[in-house]
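**Q** Need the 3D shape of this:
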Amino acid sequence: MGRRGKRVLSYTLAAIVALTAAVVFANELPLAAETLSLGEPPVTYEQAFPDANFRAIVLGRYAGGKSGSSFITEDEMTQMAAETSLDLIYQQIADLTGIEYFTGLTVLYCYGNQLTALDVSRNIALKDLRCYGNQLTALDVSNNTALEDISCGSNQLTALDVSRNTALTELSCSSNLLTALDVSNNTALKTLYCNFNPLTALDVSNNTALTELRCTSNQLTALDVSCNTALTELWCSSNQLTALDVLCNTALKILYCSSNQLTALDVSRNTALTELWCYHNYIQSSESVIGYEHLGDPVTYPEPGGFVFYPQKNPQEIFLLSGKIKSYNPKTPATVQLLQNGLAVYTETIAATDESGPVEQSFQFPSVAPGTYILRITKPAHTSYTVNNITVTDHSIDLTQDNREPVKLITMLVGDLNGDGQINVSDLNTVWSRPNYNKSAASPDVNALCDLDGDGFINVTDLNILWSRANYNKSGVAVEYNH
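**A** Model (predicted):
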């Protein structure tokens, strides 16, 4: 080869080396956030885990305390993907973006946080999901067909589709806003808790494996448990049931059916019963509870060989209890309950309105049997309000006629955004945070509860409401009635 040929070859090789170096260098540059995808480093922890509290946990466990601006390595991603259990309870996490990196998870506990959304679509190995006590308005588990246990109570869910979760054995969705619940495909279910929802119907005819059913404080007018012969516990108090047939449920040990509209009850075949709670119905005497005699002597609390039986009140001996509350954000409904022995005997809902600012709204329980109750009022973004020892005797009670302001007008404290029972700096920071402040309450990814006055916008007005002396650094209110 001549000198000229060698020179051309030398130039060509130099060009190839330079081009190769440029490609390698380009591949080492961080990608733009919008082009990041799972399993394609480099990506920083701040990009992958935008919530500071969640990010701090991940950094501590998998990155040896690196900073948020550090890139996630392939080895760290592999560690995350291999993780089978993640406990994130009560960590004040508002955003679980990044959970998709944990593709091997079978157990995820994230209850007691401030989540308004939860995407587990890539966590298809999940068997146990517990996300109760957040602010979720929706939950999609359609991809999570391996789930055996879902606990999503105390959120704001208006719908829940579990039709594809055929492996479910336990489902707890109490204290939501569910108007319907279809469990017809969940034939493996053993435990179903759906208390404190506005359900008007519940079909459990396909759920023959059920051993425990709790549907207290709904709006059920009928309940057929004739196919559920494995039931050992049935809790259906505080509904609108006019009849209840439990003759097929011979395994029943505990039956709560108080505060319905039952006129009779036959437990002659339920010889395993140890607790029978059937007070506050229209059963006028013990003779209307057929077969209770052979179960043992009636006792006030469960004892070996005995069962609870409460003598019934005559249906004419019922009275009205009414009152008035003052609260913010009237676009959100409030729940009013009368409790005995820790259980809700009566439940009413103060409906949402289109108003804004603080408003006064009335409530009433039209048919309250004589007894002593605890009045409890709850509302999203507010602390709870409790009036103890309200005794109904032989007349109706109008709390607005009381001469004490805490009872005459029940004024709820607003600003408890994380539901921990206190209004403090954590709630203040939630309103002030970049995802929420100066945003429309209807915007995607915004915590609408931060719109405290309900005017549709999250701004300085809401900050001032929370920061006010009346609300800030306060917790739930409890007063005594004593009349």
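
**Q** what about residue 458, how many neighbours?
**A** Neighbour count of residue 458, defined by other Cβ atoms under 10 Å: 28. Every residue, glycine included, has its C-beta placed from N, CA and C.

**Q** Bridged to it, which residues?
**A** residue 439 (DSSP bridges).

**Q** cool, residue 368 as well?
**A** Counting by DSSP bridges, residue 368 is bridged to residue 319.

**Q** for this structure, what spans make up the helices?
**A** Counting by DSSP state H, the segments of the chain that form helices are 3-28, 45-48, 52-62, 74-82, 405-408, 425-432, 460-467.

**Q** Go through the last one and flag the buried ones.
**A** In this case it means helix 460-467. Using 16 or more other Cβ atoms under 10 Å as the test for burial, helix 460-467 gives 462-463, 465-467.

**Q** weakest of the helices of the chain by average pLDDT?
**A** The weakest mean pLDDT among the helices of the chain belongs to helix 3-28, with a mean of 41.

**Q** Give me the nearest residue to residue 263, chain neighbours excluded.
**A** Spatial nearest neighbour of residue 263, chain neighbours left out: residue 282 (4.8 Å); criterion: Cβ to Cβ, 6 or more residues apart in numbering.

**Q** Share the number of residues neighbouring that neighbour, please.
**A** Applying other Cβ under 10 Å, we find 18 residues neighbouring residue 282.

**Q** Residue 195 now?
**A** So residue 195, with other Cβ under 10 Å, has 23 neighbours.

**Q** wait, what's in contact with it?
**A** Counting by Cβ atoms under 8 Å, 6 or more residues apart in numbering, residue 195 makes contact with 174-175, 214-218, 235.

**Q** now, among the residues you listed, which is nearest to residue 154?
**A** Residue 154 lies nearest to residue 175 out of these, by Cβ to Cβ, at 4.5 Å.

**Q** now the closest one: how far from residue 100?
**A** 28 Å (Cβ to Cβ, to the nearest Å).

**Q** who's more crowded, the two?
**A** Each of residue 175 and residue 100 has its neighbours counted (other Cβ under 10 Å); residue 175 has more, 22 against 17.

**Q** circling back: and the residue nearest to residue 263, what are its phi and psi?
**A** As for residue 282, its main-chain torsions (degrees, to the nearest 10) stand at phi -100, psi 20.

**Q** Confirm for me that it is in contact with residue 259.
**A** No - look at residue 282 against residue 259 with Cβ atoms under 8 Å: they stay out of range, at 11.0 Å.

**Q** Residue nearest the middle of this protein, spatially speaking?
**A** residue 154 (2.1 Å; Cα atoms, centre = their mean).

**Q** Pull the contacting residues for that residue.
**A** 132-134, 174-176, 419.

**Q** can I get those residues in JSON lines with distance to residue 192?
**A** Shown next, in JSON lines, are the contacts of residue 154 (distance: Cβ to Cβ, whole Å):
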{"residue": "132", "distance to residue 192": "15"}
{"residue": "133", "distance to residue 192": "19"}
{"residue": "134", "distance to residue 192": "21"}
{"residue": "174", "distance to residue 192": "10"}
{"residue": "175", "distance to residue 192": "14"}
{"residue": "176", "distance to residue 192": "14"}
{"residue": "419", "distance to residue 192": "24"}
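
**Q** Tell me the one of these nearest residue 70?
**A** Distance to residue 70 across the contacts of residue 154 (Cβ to Cβ) is lowest for residue 134, with 28.7 Å.

**Q** tally of neighbours for the closest residue to the closest one other than its chain neighbours?
**A** Closest residue in space to residue 134, ignoring its immediate chain neighbours: residue 115 at 4.0 Å, by Cβ to Cβ, 6+ apart. Close neighbours of residue 115, defined as other Cβ under 10 Å, add up to 22.

**Q** Please report how far residue 152 lies from residue 171.
**A** Distance of residue 152 to residue 171, computed by Cβ to Cβ: 9 Å.

**Q** From what I see, residue 131 and residue 110 are in contact.
**A** Yes - when contacts are counted by Cβ under 8 Å, residue 131 is listed as touching residue 110 (5.2 Å).

**Q** Got the domain ranges for the protein?
**A** 3-30, 317-483 (automatic domain parsing).

**Q** follow-up on the earlier one: what residues does the residue nearest to residue 134 make contact with?
**A** 93-96, 131, 134-136.

**Q** My read is that residue 364 contacts residue 319, right?
**A** No - the pair residue 364 / residue 319 is not scored as a contact, 10.9 Å apart, by Cβ under 8 Å.

**Q** Residue 277 - nearest residue in space that isn't next to it in sequence?
**A** Nearest residue to residue 277, sequence neighbours excluded (Cβ to Cβ, 6+ apart): residue 256, at 4.5 Å.

**Q** So what pairs up with that neighbour in the strands?
**A** Legend: beta-bridge partners of residue 256 under DSSP bridges are residue 235, residue 277.

**Q** Verify the stated contact: it with residue 215.
**A** No - with contacts counted by Cβ under 8 Å, residue 256 stays clear of residue 215, the gap being 10.2 Å.

**Q** Mind listing the shared neighbours of these two?
**A** 235-236.

**Q** Mind checking which of those two has more residues around it?
**A** Shown here are residue 256 and residue 215; by other Cβ under 10 Å, residue 215 has more neighbours (24 against 19).

**Q** How many residues are close by residue 355?
**A** As a burial measure, residue 355 scores 14 neighbours (other Cβ under 10 Å).

**Q** So for stretch 107-114, mean pLDDT?
**A** Computed over stretch 107-114, the average pLDDT equals 92.

**Q** From the chain's centre, how far out is it? Work that out for me.
**A** 11 Å (Cα atoms, centre = their mean, to the nearest Å).

**Q** same deal with stretch 147-158?
**A** So, by Cα atoms, centre = their mean, the centroid of stretch 147-158 is 6 Å from its chain's centroid.

**Q** Show me which positions of that stretch end up buried.
**A** Neighbour-count burial for stretch 147-158, counted by 16+ other Cβ under 10 Å, picks out 147-157.

**Q** can you check stretch 134-144 too?
**A** So stretch 134-144, judged by 16+ other Cβ under 10 Å, has buried residues 134-136, 139, 141, 144.

**Q** average pLDDT across it?
**A** The model assigns stretch 134-144 a mean pLDDT of 96.

**Q** try stretch 182-201
**A** Stretch 182-201 carries an average pLDDT of 96.

**Q** Of all the residues in stretch 88-105, which ones are buried?
**A** Neighbour count says stretch 88-105 has 88, 91-103, 105 buried, by 16+ other Cβ under 10 Å.

**Q** Near residue 116, how many other residues are there?
**A** 21.

**Q** Residue 352 reaches residue 335, doesn't it?
**A** No - Residue 352 lies out of contact with residue 335 (Cβ under 8 Å); the separation is 11.8 Å.

**Q** Between the two, tell me which one has more neighbours.
**A** Neighbour comparison, residue 352 and residue 335: the larger count goes to residue 335, with 19 against 14 (by other Cβ under 10 Å).

**Q** so what's that one scoring on pLDDT?
**A** 91.

**Q** do residue 213 as well
**A** 97.

**Q** and what of residue 370?
**A** Note on residue 370: pLDDT of 77.

**Q** ok, and the closest non-adjacent residue to it?
**A** The spatial neighbour of residue 370 that comes closest, neighbours along the chain excluded (Cβ to Cβ, 6+ apart), is residue 392 at 5.1 Å.
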